[in-house]
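Student: Have a look; sequence and predicted model below, questions after that.
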Amino acid sequence: MSDGSAIEWTQATWNPVTGCTKVSPGCAHCYAETFAERFRGVPGHPYENGFDLQLRPERLELPLQWKRGRLIFVNSMSDLFHEEVPDEYIASVFETMNRAWWHSFQVLTKRPERAAALTRELTWTENIWMGTSVENQRWVHRVDALRETPATVRFLSCEPLLGPLRLDLSGIRWVIVGGESGPKARPMKEEWAESIRRQCEDAGVAFFFKQWGAHDCNGRRVGKSRAGRLLHGRTWDAMPA
């Protein structure tokens with residue numbers, strides 16, 4: 001959790017829940033799990049229990065202490081809609097977001113079906129953005145579930161992008177694309193990213209290219225910093241209006 005973030009598409013992170021479990025291929029080399037497990041067994045460390053799911057109620061009101069408005073990525077180290085997070089706790093997280101009207105909260109989940117199921121139990125103020133991860137065509141159905149939520153901004157994170165995607169972008173306002181980083185990273189093909197960019201252009205949807213990851217546009221492992229984040233010689237940093 002940080003008042004500031006190295007993630008290109010946000011400005012801060014807030015983790016009222018930490019830890020998660022894998023649900024699809026995009027989870028295979030989870031950066032959050034790798035980070036947390038480094039500290040398993042270290043007495044007194046926030047990740048003493050590694051990546052086991054933990055509620056962090058002492059962090060619930062943290063955004064209320066940040067007086068300057070910013071984009072906040074909710075649960076960069078977890079998934080708010082994980083099946084082990086109680087409905088009442090999710091409602092408490094939403095209550096903080098409702099109260100902190102000067103921030104915009106980016107909630108990203110691989111479990112949009114649960115978000116849709118809880119729609120009537122939650123208050124969806126305009127500062128709550130709701131997104132889902134889609135790493136390959138097998139998981140495109142998540143977009144349909146996302147559309148069932150009444151979020152003002154619905155977005156997709158196609159990271160790590162593991163295959164080509166054909167997307168129905170109706171009701172979607174923003175798409176993030178990125179390749180995988182880390183020692184076991186799988187390469188992303190340029191045509192996959194370019195296809196999504198064109199689909200966004202045709203649909204009038206904001207497109208954000210986050211990174212190539214460990215491999216460059218030619219599939220060579222060169223490391224994240226050398227691979228960079230240029231697609232066709234430029235950056236793509238569009239945000240939803």
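Tutor: Cool, the structure landed.

Student: CA atoms for contacts and neighbours, from now on please.
Tutor: Noted.

Student: what's the helix or strand containing T132 packed up against?
Tutor: In this assignment (DSSP states H and E), T132 forms part of strand 128-133. On a contact count with 3 or more CA pairs under 8 Å, 6 or more residues apart in numbering; DSSP states H and E, strand 128-133 meets strand 104-109, helix 141-147, strand 153-158.

Student: can you dump the C-alpha coordinates of that strand into PDB?
Tutor: Extracted C-alpha coordinates of strand 128-133, given in PDB (Å, rounded to 0.1, in the frame of the first residue of the first chain):
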ATOM      1  CA  ILE A 128     -15.500   3.800  -8.500                       C
ATOM      2  CA  TRP A 129     -14.100   2.300 -11.600                       C
ATOM      3  CA  MET A 130     -14.600  -1.400 -12.100                       C
ATOM      4  CA  GLY A 131     -12.300  -3.600 -14.200                       C
ATOM      5  CA  THR A 132     -11.600  -7.200 -15.000                       C
ATOM      6  CA  SER A 133      -8.600  -9.100 -16.300                       C
END
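
Student: Taking strand 153-158 as reference, get the angle to that strand.
Tutor: Counting by axes from the mean of the first three to the mean of the last three CA atoms, to 10 degrees, strand 128-133 lies at 20 degrees to strand 153-158.

Student: outside of strand 128-133, which residues touch it?
Tutor: The contact list for strand 128-133 (CA atoms under 8 Å, 6 or more residues apart in numbering) reads 97, 104-112, 142-143, 146, 149, 151-159.

Student: Repeat that for stretch 156-164.
Tutor: 26, 108, 131-137, 143, 172, 174-180, 186-189, 191-193, 195.

Student: Make a ChimeraX selection of the buried ones in the residues you listed.
Tutor: In ChimeraX, a selection of the buried entries from those looks like this (16 or more other CA atoms under 10 Å):
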select :26,108,131,132,133,134,135,136,143,172,174,175,176,177,178,179,180,186,187,188,189,192,193
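
Student: Could you tell me which of the contacts of stretch 156-164 are located in helices?
Tutor: Mapping the contacts of stretch 156-164 onto helices (DSSP state H) picks out V143, E191, W192, A193, S195.

Student: ranges for the helices of this protein?
Tutor: Under DSSP H, the chain gives helices at 31-37, 87-99, 112-117, 141-147, 190-203, 224-227.

Student: got TSV for those helices, with distance to T123 and mean pLDDT too?
Tutor: Below are the helices of the chain laid out as TSV (distance: least, CA to CA, whole Å; pLDDT from 0 to 100):
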stretch	distance to T123	mean pLDDT
helix 31-37	28	95
helix 87-99	7	98
helix 112-117	12	98
helix 141-147	16	98
helix 190-203	28	98
helix 224-227	39	96
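
Student: Including distance to C20, could these go into TSV?
Tutor: Converted to TSV, the helices of the chain look like this (distance: least, CA to CA, whole Å):
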stretch	distance to C20
helix 31-37	8
helix 87-99	15
helix 112-117	15
helix 141-147	18
helix 190-203	27
helix 224-227	25
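
Student: And the ones you listed: which comes nearest L165?
Tutor: helix 190-203 (7.0 Å; CA to CA).

Student: So what's the gap between the closest one and the chain middle?
Tutor: With CA atoms, centre = their mean, to the nearest Å as the basis, helix 190-203 stands 19 Å off its chain's centre.

Student: What residues of it count as buried?
Tutor: E190, W192, A193, E194, I196, R197, Q199, C200.

Student: can I assume E113 is in contact with V143?
Tutor: No - using CA atoms under 8 Å, E113 is not in contact with V143, being 9.6 Å away.

Student: quick one: low-confidence ranges for the protein?
Tutor: 1-4 (pLDDT under 70).

Student: how does it look with 90?
Tutor: The model of the chain has pLDDT under 90 over residues 1-6, 241.

Student: would you turn the helices and strands packed on strand 128-133 into CSV with distance to F209?
Tutor: CSV is the format used below for the helices and strands packed on strand 128-133 (distance: least, CA to CA, whole Å):
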stretch, distance to F209
strand 104-109, 17
helix 141-147, 19
strand 153-158, 10
